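Asks: heads up, no residue letters with this:
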Ligand code: PGA
């Protein structure tokens, strides 16, 4: 498994969230195309985390390992029941995930909505994931969700991705200065966190986000599975 550089020293965390895409061949093609830009990947202070669907997790991790690429692997969620101590059929325990993954996305706006997650559910998942040794990337749609995290977990240590719903998958990214204001507020509430921006990030708008003081990187959906788009983001950052 890739040994991730220390986060606090980094200005440049790039998360590729493949959502439900990235079956075998497509996943391996992505890894090969990333390999062609090894120099770009090894730039100091860049942390790249790819989050494939669960089924492709081991495949992607093994391909990355074989090519010695500096790319960490994350999962897109953990099951809501595991933190209640239940052993449920079909649920994924984070203890298995740590065989291949170092990171986990928790509370993405889509999973909050689809699974009717409460703030308690999100905080519970964070605890279980962190206990298992995963680095958590908690998505928040607004400052209030960061405040709830603080109420429930105290000084949360990990990554927060600020993703305003109007910007997710719409091609209509937030204004970088506005996103920075929100990131600043989040950091005031949770000083030990690293804040990313997510929502329609692409090769053209990336610079604007990376120039903001309180934004340390991005969470990319649509433009992450096609390696040429994702590499454009890394290049222009
Ligand atoms: P998008 O997705 O880049 O397609 O807007 C971001 C996300 O859902 O994390």
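Replies: Sure thing, it's come through. What you see is a predicted model; the values in this text were computed from it and never measured.

Asks: Stretch 14-23 near the ligand at all?
Replies: Yes - applying C-beta under 6 Å from any ligand atom, one finds stretch 14-23 touching the ligand at residue 17. (C-beta placed from N, C-alpha, C; glycine too.)

Asks: OK, contacts around the residue in the chain positioned nearest to the ligand?
Replies: Of all residues in the chain, the one sitting closest to the ligand is residue 221 (2.2 Å; C-beta to the nearest ligand atom). Residue 221 is in contact with 17, 19, 168, 169, 198, counting by C-beta atoms under 8 Å, 6 or more residues apart in numbering.

Asks: Now, of these, which are buried?
Replies: Using 16 or more other C-beta atoms under 10 Å as the burial test, the contacts of residue 221 include 17, 19, 168, 198 as buried.

Asks: Now the phi/psi pair for the third one, please.
Replies: This means residue 168. Main-chain dihedrals, residue 168, degrees, to the nearest 10: phi -80, psi 120.

Asks: Now it: closest residue in space, sequence neighbours ignored.
Replies: Distances taken as C-beta to C-beta, 6 or more residues apart in numbering put residue 199 closest to residue 168, at 5.0 Å, once the chain neighbours are dropped.

Asks: can you check residue 30 too?
Replies: Nearest to residue 30 is residue 227, by C-beta to C-beta, 6+ apart, at 4.9 Å.

Asks: How about residue 172?
Replies: residue 200 (5.9 Å).

Asks: Please report how far the one you found lies from residue 149.
Replies: 24 Å (C-beta to C-beta, to the nearest Å).

Asks: So between the two, which is more surrounded?
Replies: residue 149 (26 against 20; other C-beta atoms under 10 Å).

Asks: Which of the three states applies to the nearest residue to that one once chain neighbours are set aside?
Replies: Ranked by C-beta to C-beta, 6+ apart and with sequence neighbours excluded, the top spatial neighbour of residue 149 is residue 156, at 5.3 Å. Three-state assignment for residue 156 (DSSP: H, G, I helix; E, B strand; the rest coil): coil.

Asks: Surely residue 156 touches residue 129?
Replies: No - counting by C-beta atoms under 8 Å, residue 156 stays clear of residue 129, with 11.8 Å between them.

Asks: So which of the two has more stuff around it?
Replies: Using other C-beta under 10 Å as the criterion, residue 156 and residue 129 rank with residue 129 on top: 28 against 21.

Asks: Got the confidence number for the more buried one?
Replies: pLDDT recorded at residue 129 is 93.

Asks: can you pull the contacts of it?
Replies: 78, 94, 104, 106, 136.

Asks: Ok, residue 201 next?
Replies: 173, 209, 218, 219, 220, 223, 233.

Asks: Tell me, how many residues neighbour the residue nearest to residue 30?
Replies: Neighbours of residue 227 (other C-beta under 10 Å): 20.

Asks: need the contact list for it.
Replies: 29, 30, 33, 34.

Asks: follow-up on the earlier one: farthest-apart pair in the buried ones among the contacts of residue 221, please.
Replies: Spatial extent of these (C-beta to C-beta) is set by the pair 19 and 198 at 12.0 Å.

Asks: any weak-confidence spans in this structure?
Replies: 1-11, 83-85 (pLDDT under 70).
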